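A.B. asks: Take this sequence and fold it.
(one chain, ligands or ions: 1)
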Amino acid sequence: MTQTIQPVYNFNAGPSALPAAVLEKAQKELINFRGTGMSVMELSHRSKPYEEVHNQVIERLKKLYSIPENYEVLFIQGGASLQFSMVPMNFLQTGKKAGYVMTGVWSEKAFAEAERLGDAYQVASTETDKHNHIPNPNELNYNEDDAYLHITTNNTIYGTQWKDYPDTGNVPLIADMSSDIMSKPIDVSKFALIYAGAQKNLGPSGVTVVIIRKDLLEKANPDNPTILKYATHAKNNSLYHTPPTFGIYMLGEVLGWIEECGGLEAVTQRNEEKAKLIYDVIDNSDGFYRGHAELESRSLMNITFRLADEALEKKFLAEAKDAGFVGLNGHRSVGGCRASAYNAVPVEACKALSEFMIQFQQSNH
Ligand SMILES: *Cc1c(COP(=O)(O)O)cnc(C)c1O
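C.D. replies: The predicted model follows:
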């Protein structure tokens, strides 16, 4: 039986679009993985063919981000949300404080866990402005002897993104990059630890990528449960226990796809082009569409906007849905509309959305 499926434009916030080429390759390899006669999911995580996959993913991450030698790349389960706890469990020792920059819902969640586990304080907050901008990275008032400073590089729900990162000197900078990891080149050496759940820009859910400076491993609290120590995962090449093997394989394929696209520079260019298509419609709409984020803080990943009132937003979302656009409703905590244009979202999808938005304005103004 043949099924005709209406083409969809996937703007989901996470889990989100994966490159079509990656899905097709995974499908081809699904049953007989590279001559093993088994699926990659059926391989032992101690077998040579799996270890090759695993190590290639680490190599690809290192190469794409030019990760210096003094860093480890780890795969951990539990999502970015476990990192909210694991970071303070490991690094928020008694006597020291940790500073959190509050730029949205995810920073709040990270801060709440740190407060439970140690002495955490808010360095800055954009809450009174409905998190519509990013604070100036050079005007953050944290203490020079803090255990670390925590930032959320892209605020998935509010649609803001750090363009420059603070130079924190001796204070370790820790970043939740869940929603903009691998969307542009960064200077990894500015960070002591980067973490990201894979399901927005990197692959399926189930894998969290952690990039950690090696000297931090020794500074961590030794009393943590074994599985919650970064050192456990580092010592064992993230094979201390069974890793999410299929997710890691998919992550590797997504990274291979980024390489084929021309690397991170090419990916940034494409992301800028994609976001511009939609922001231009907002900016040229005479206020019909109202962007949530201030211009300088706009995210290239999550484009948030509102219409005149909730009734019109409802109509917009319903008609967009009928036209094949998926995932355009804003997060339940803030409402409005949001288009998530992660790496894997094609330019054509953004073009189609921009055209739909123009048409909708013409028939509803
Ligand atoms: C989605 C998201 C999270 C939560 O990730 P989980 O893997 O579901 O725990 C945390 N931080 C940011 C910035 C996110 O976008």
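A.B. asks: only C-alpha atoms for contact and neighbour calcs from this point on.
C.D. replies: Fine.
A.B. asks: And the strands in this structure?
C.D. replies: Taking DSSP state E as the criterion, the chain carries its strands at 9-10, 71-76, 97-102, 119-125, 148-152, 154-155, 160-161, 173-176, 193-197, 208-213, 290-291, 302-306, 325-326, 337-340.
A.B. asks: hey, C-alpha coordinates of the lowest-mean-pLDDT helix or strand in the chain in CSV?
C.D. replies: Here the helix or strand of the chain ranked lowest by mean pLDDT, DSSP states H and E is helix 214-219, holding a mean of 95. Written as CSV, here are the backbone C-alpha positions of helix 214-219 (Å, rounded to 0.1, in the frame of the first residue of the first chain):
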residue,chain,number,x,y,z
LYS,A,214,40.8,18.3,32.2
ASP,A,215,42.0,20.3,35.2
LEU,A,216,38.4,20.5,36.4
LEU,A,217,38.2,16.7,36.7
GLU,A,218,40.7,16.7,39.6
LYS,A,219,38.9,19.6,41.3
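A.B. asks: Against which helices or strands is it packed?
C.D. replies: Applying 3 or more C-alpha pairs under 8 Å, 6 or more residues apart in numbering; DSSP states H and E, we find helix 214-219 packed against helix 230-235.
A.B. asks: Now do the helix it packs on: which elements does it pack against?
C.D. replies: Helix 230-235 packs on strand 71-76, helix 214-219, going by 3+ C-alpha pairs under 8 Å, 6+ apart.
A.B. asks: mind redoing it with 7 Å?
C.D. replies: strand 71-76 (3 or more C-alpha pairs under 7 Å, 6 or more residues apart in numbering; DSSP states H and E).
A.B. asks: Could you check the angle the strand it packs on makes with strand 208-213?
C.D. replies: 160 degrees (axes from the mean of the first three to the mean of the last three C-alpha atoms, to 10 degrees).
A.B. asks: So is strand 71-76 next to the ligand?
C.D. replies: No. Strand 71-76 is not in contact with the ligand by C-alpha under 6 Å from any ligand atom; minimum separation 10.6 Å.
A.B. asks: Just the mean pLDDT for that strand, thanks.
C.D. replies: Summarised as a single mean, pLDDT over strand 71-76 is 98.
A.B. asks: Mean confidence (pLDDT) on the longest helix seen in the chain, please.
C.D. replies: Longest helix in the chain by number of residues, with DSSP state H as the criterion: helix 263-283. The predicted model assigns helix 263-283 a mean pLDDT of 98.
A.B. asks: No more questions from me, cheers.
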